[in-house]
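A.B. asks: Whatever this is, show me its structure:
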Amino acid sequence: MSKGSQGAAYPTKRLLVSVVSTATALFVLWLMLGFGAGIDEAVIRGGVLGLLAATVSHVLGTLAGERFVSIGSGPTAPLAAYLASSTLRFICTPAFAVSLYFALPQAPAPLLIGAAAGHGLIMIVDVSVLLKAQGGAGSRSTPSA
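C.D. replies: Have a look, this model is predicted:
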């Protein structure tokens, strides 16, 4: 097992940069919309905590994907590791959001909307980063007959 080549095939740094940059943009957008539109502070705080739950789960999922890729072998190991880490993200995002809901008195709607929106948008960016790192696996043209 050549850990060096497998570790290089899984774009951990690129994925972490995409998670952090997307989350930062979402935080800024949420705060600008919230304060600009005069939304209640509790709603803004709930959305920010939801985004935080999504961001933490994506960072943990990305780091777990780095570990998962060393388990598999072959050219599909990075994709399999990404699917495994995505499953972890799908579990952790709502778990973290619900934990924050019970730990801090929050309105449930903005918290869950922030978590769902953050999770979905970060996942879209992550998939594009992974496919680009894999050589555009999602955009290969089919051979003509």
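
A.B. asks: center of the protein - which residue?
C.D. replies: Most central in the chain under Cα atoms, centre = their mean is H58, positioned 3.7 Å from the mean C-alpha point.

A.B. asks: Now the nearest residue in space to that residue that is not next to it in sequence: which helix or strand?
C.D. replies: Leaving out its chain neighbours, the residue that sits closest to H58 by Cβ to Cβ, 6 or more residues apart in numbering is V19, at 4.5 Å. Placement of C-beta: from N, CA and C, glycine included. According to DSSP states H and E, V19 maps onto helix 12-36.

A.B. asks: can you pull out the helices in this structure?
C.D. replies: 3-9, 12-36, 41-69, 77-103, 108-133 (DSSP state H).

A.B. asks: Count the neighbours of the closest residue to R45 other than its chain neighbours for me.
C.D. replies: Residue nearest to R45 in three dimensions, not counting chain neighbours: Q106, with 7.1 Å by Cβ to Cβ, 6+ apart. Neighbour count for Q106, taken as other Cβ atoms under 10 Å: 21.
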